[in-house]
Structures are given as structure tokens and as C-alpha cells.
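1. Mind folding the following:
(2 chains)
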Amino acid sequence: DSGVTQTPKHLITATGQRVTLRCSPRSGDLSVYWYQQSLDQGLQFLIQYYNGEERAKGNILERFSAQQFPDLHSELNLSSLELGDSALYFCASSVHRDTEAFFGQGTRLTVV
Amino acid sequence: EDQVTQSPEALRLQEGESSSLNCSYTVSGLRGLFWYRQDPGKGPEFLFTLYSAGEEKEKERLKATLTKKESFLHITAPKPEDSATYLCAVQTGAGSYQLTFGKGTKLSVIP
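-> Now for the predicted structure:
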């Protein structure tokens, strides 16, 4: 157990809908990262927050947004969902901005 | 653009049969190279970080090495419980743990 908690574990929703994925980092970790893993693309970095502020942005679609709250938990919002958004979404956390990160167990999103 | 290529895509070994996984990379400025293990349906589990050419790290039956262009993950006398997908990733740029991952090597160790 890495200490990073993600909810829900599974999510099934219809095209066009909006969902929110939640991540609680390890105790003491200030940095949160979101990754998407699909069969054809592998693990892709989406976005990083450090102590409440956006730190780095990767290949995140405009339909997706994230935030980190004062208690350091983070949420990833996915809207206008398409079939191609079906994937595993992982959250990771680390103590500082650039130290090794530990991954949660992921949320499996299925868009039907 | 940073690129990470892992080979082979899949590897089947008999229990006890040692082998190596390869990770070649093209980056503008390497700050660190990372190895993770991922079991099906689970999150990646951190194994090693390597920072400079010539560096080596070991953990149980695993040993990771780094050159200027590639990294190897050596598996000595593997056991069935070593079966997993092994992911290599590079970190570039300062101030962020943004990683570029390879697509992984799926290792199966047969009893």
C-alpha cells in the first residue's frame, strides 16, 4: 500500500457526462500528479499541483481540469466524456516538487 | 521531444533463468531515470531512481544500471512472483516530477 488513496475504484458513465475523481496524497506529501493510462498510449502525464498551485501541465485536454485543495487532496474533473476517455487514471504524490512519487491504485473509467 | 523505448515488449522466462530488460532514452536533459513495477489493475510501484551514467542500484533479485543512452534492469534467478510489467521513465527539467514513460516490458516467469 503506497498510502495514496483514490476514489472511486471503478466508474462507468455515458458519453457527454461529467465525472470527478478524487485523490488523497500520502501524509506529508505536498505534490500531487495525475496520469492517464490507456492500452495504446501507456502512462501519460496530465498535470501536477504543488501545495495548492498548478506546477506543470502535460497532455491534458481542455475538457479536463484539476485542483488541489487546502487539505492537499486533489480532484480531477472530466467533462463532455467521449468513448476514448476510457482509461485508468492514476494519482501520485511526493514530498517535494521533484522527488520520487508514489502511485495510488487508480480509478478505472469506462465511458459507454 | 523526450522519448523512452523499452524492449522487449514481452519476455517469458523459466524460474531461475536470468535476463535483462532494456530501456533506451532520448532526452534533452536527464535529471533522473526511474524503474517501476506494475501488476495488472494496480498502480505502478516505485523500484529505483538512477541519476548518472555508471550508477547501479540493487533490490533483491533486481539490479538497475544506467549509461548515457540506456538503462538495464537485470533480473537474477527470477521467481514467479516477479511476473509483472516493468516500466521505465525519465524525468527532465527542474522543479517537477513530470515523467515520460516507456510502454513497459511484460515479464512472465514460469515455474
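2. need the contact list for A:Tyr22.
-> Check again: residue A:22 is Arg, not Tyr. Applying Cβ atoms under 8 Å, 6 or more residues apart in numbering or on different chains to A:Arg22 gives the contacts A:6-7, A:73-75. Where you see a C-beta, it was placed from the backbone N, CA and C, and this is true even at glycine.
3. Between these, identify the one with the most neighbours.
-> Highest neighbour count within the contacts of A:Arg22: A:Ser74, with 25 neighbours (other Cβ atoms under 10 Å in any protein chain shown).
4. Closest one to chain B out of the contacts of A:Arg22, please.
-> A:Gln6 (8.1 Å; Cβ to the nearest Cβ).
5. now for the helix or strand encompassing that closest one, which elements pack on it?
-> In the assignment (DSSP states H and E), A:Gln6 maps to strand A:5-7. Judged by 3 or more Cβ pairs under 8 Å, 6 or more residues apart in numbering or on different chains; DSSP states H and E, strand A:5-7 is in contact with strand A:19-24, strand A:87-94.
6. Around chain B, which positions in chain A sit nearby?
-> A:2, A:4, A:31, A:33, A:42-45, A:48, A:55-56, A:58, A:90, A:92, A:94, A:97-106, A:108 (Cβ under 8 Å from any Cβ of the partner chain).
7. So A:Gly42 sits against B:Gly104, correct?
-> Yes. Taking contacts as Cβ atoms under 8 Å, A:Gly42 lies within contact range of B:Gly104: 6.9 Å.
8. Those two: which is more packed in?
-> B:Gly104 (24 against 18).
9. With adjacent residues omitted, what lies nearest to the residue in chain B that chain A sits nearest to?
-> Nearest to chain A in chain B, going by Cβ to the nearest Cβ, is B:Gly43, at a distance of 3.6 Å. Leaving aside its sequence neighbours, B:Gly43 sits nearest to A:Phe103 (Cβ to Cβ, 6 or more residues apart in numbering or on different chains; 3.6 Å).
10. in its sheet, what does the helix or strand that the strand holding A:Gln6 is followed by sit against?
-> Sequence-wise, the next helix or strand downstream of strand A:5-7 (DSSP H and E) is strand A:10-13. Take DSSP bridges as the rule and strand A:10-13 pairs in its sheet with strand A:107-111 (parallel).
11. Buried ones in the strand it pairs with, by neighbour count?
-> Residues of strand A:107-111 classed as buried by neighbour count (16 or more other Cβ atoms under 10 Å in any protein chain shown): A:107-109, A:111.
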